[in-house]
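**Student:** I need the structure of the sequence given here:
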Amino acid sequence: MADSATASSPLKVIAGADSFGAELKDAMVSHLRSLNIEVEDLGITSYYNIGAEVGRRVSSATTSPSVETRGLLACGTGVGVGIFANKFPGVFASTCLTPDEARNNRSINNCNVLALSGMSTSADTAKEIVDTWLNTPFKAPCPASKSQPWPEEISNFFDESMNEMPKIGASENTQAETCAVCCLVKNRELNPIDIIPGGSMKILRESPTSAIIKFKAGSVEPAHHHTFGHCLLVMKGKKSVWNLSKKERYDLGDGDYLFTPAGDVHRVKYYEDTEFFLKWDGKWDIFFDEDLETAKIAIEKELANGSA
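**Tutor:** Numbers count the residues shown, from 1 in each chain. Here you go, the predicted structure:
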């Protein structure tokens, strides 16, 4: 079934879903692997995290023509994951509920990220959609063209659109819009974190709660803990997190992710101006286990010794 999709170059599919699309995603991953297509399954997380991650990886892979990389996403409606995937240059994500929609979107939009609805699409229908998506070339006859070859002027328009669309969001002036997480904080004012010098934060939503946080280079978070576990994604910058409860050190940079369980005591050092996205369940709280000066001395000693 996938012969035409893989005729020019090897094909790799990066897959992921939220909890509403998990079952359908698992079925499609099995289907793709039965076709001997390489699949990287990123698993299950929130629709915005998984949509952004698949979009980011497909976008990055567009610079490597030796392997064609596409994305497969599923959430409740198939819309949310596609919206976040489309924040990245070179990603053309489409939600498809029927094989005809998949054929149209491959033909007209060169859809390289397929988004499926876990609530509206059966596994059998999804297989038909996926097979159509795999085997329909860009600019192929499709229902939108009444199954006839596209006229030359429209075919040329499609070609030009593929050159122009990846440029949208790729310029320096729109850098914040190229990232699904960064765009959440665009034009928002962050408020200083009075209890930790050098930090500022903006709550984006409540319960589950998410925030954008910034720290200036050289800032230190003294050892502390929370009553909630939290997911952290570094948008830009460089930092180290010492999980004192587990006696582990994590060095994080652009795009790195870290989960810290509830109650784990951790301290942080920022080497550059750093921005990150934080998500947790419940209301914000923080309990300090040391003062700032003690933390600075401990970090200097640990860095000097090269220890975790």
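
**Student:** just the strands in the stretch 151-300 of the chain please.
**Tutor:** 191-192, 199-205, 209-215, 220-225, 230-236, 239-243, 248-252, 257-260, 266-270, 274-280, 287-288 (DSSP state E, counting those that start in this stretch).

**Student:** With distance to residue 298 as extra columns, can I get these in CSV?
**Tutor:** Quick note: C-beta positions are derived from backbone N, CA and C, even for glycine. Formatted as CSV, the strands of the stretch 151-300 of the chain follow (distance: least, C-beta to C-beta, whole Å):
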stretch, distance to residue 298
strand 191-192, 24
strand 199-205, 19
strand 209-215, 18
strand 220-225, 8
strand 230-236, 21
strand 239-243, 8
strand 248-252, 12
strand 257-260, 18
strand 266-270, 7
strand 274-280, 20
strand 287-288, 13
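
**Student:** Which of the ones you listed sits closest to residue 30?
**Tutor:** For residue 30, the closest of the strands of the stretch 151-300 of the chain is strand 257-260, at 26.0 Å, according to C-beta to C-beta.

**Student:** Tell me the bridge partners for residue 277.
**Tutor:** residue 212, residue 233 (DSSP bridges).

**Student:** doesn't residue 205 make contact with it?
**Tutor:** No - counting by C-beta atoms under 8 Å, residue 277 sits too far from residue 205 to count as a contact (11.7 Å).

**Student:** Residue 116 is in contact with residue 76, correct?
**Tutor:** No - between residue 76 and residue 116 there is no contact, the gap being 10.3 Å when judged by C-beta under 8 Å.

**Student:** list the residues that contact both of these two?
**Tutor:** Residues within reach of residue 76 and of residue 116 at once, by C-beta atoms under 8 Å, 6 or more residues apart in numbering, are residue 21.

**Student:** thinking again about what came up before, for the strands of the stretch 151-300 of the chain, which one sits closest to residue 29?
**Tutor:** That would be, of the strands of the stretch 151-300 of the chain and by C-beta to C-beta, strand 257-260, which comes in at 21.1 Å.

**Student:** Dump the C-alpha coordinates for the closest one into CSV.
**Tutor:** Once non-C-alpha atoms are left out, strand 257-260 reads as follows in CSV (Å, rounded to 0.1, in the frame of the first residue of the first chain):
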residue,chain,number,x,y,z
TYR,A,257,12.2,18.6,28.7
LEU,A,258,12.2,17.7,32.4
PHE,A,259,9.6,16.3,34.8
THR,A,260,10.1,16.8,38.5
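
**Student:** which neighbours does that strand have in its sheet, and in what orientation?
**Tutor:** Each strand that pairs with strand 257-260, with its direction, by DSSP bridges: strand 230-236 (antiparallel).

**Student:** Show me how far the strand it pairs with is from its chain's centre.
**Tutor:** For strand 230-236, the distance between its averaged C-alpha position and the chain's averaged C-alpha position is 11 Å (C-alpha atoms, centre = their mean, to the nearest Å).

**Student:** Output the contacting helices and strands for whichever helix or strand residue 13 is part of.
**Tutor:** Using DSSP states H and E, residue 13 maps to strand 11-17. For strand 11-17, the packing partners by 3 or more C-beta pairs under 8 Å, 6 or more residues apart in numbering; DSSP states H and E come out as helix 22-34, strand 38-44, helix 47-61, strand 68-75.

**Student:** Mind putting these into a markdown table with mean pLDDT, mean neighbour count and distance to residue 254?
**Tutor:** Formatted as a markdown table, those follow (pLDDT from 0 to 100; neighbours: other C-beta atoms under 10 Å; distance: least, C-beta to C-beta, whole Å):
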| stretch | mean pLDDT | mean neighbour count | distance to residue 254 |
| --- | --- | --- | --- |
| helix 22-34 | 96 | 19 | 27 |
| strand 38-44 | 94 | 16 | 18 |
| helix 47-61 | 89 | 24 | 11 |
| strand 68-75 | 95 | 27 | 20 |
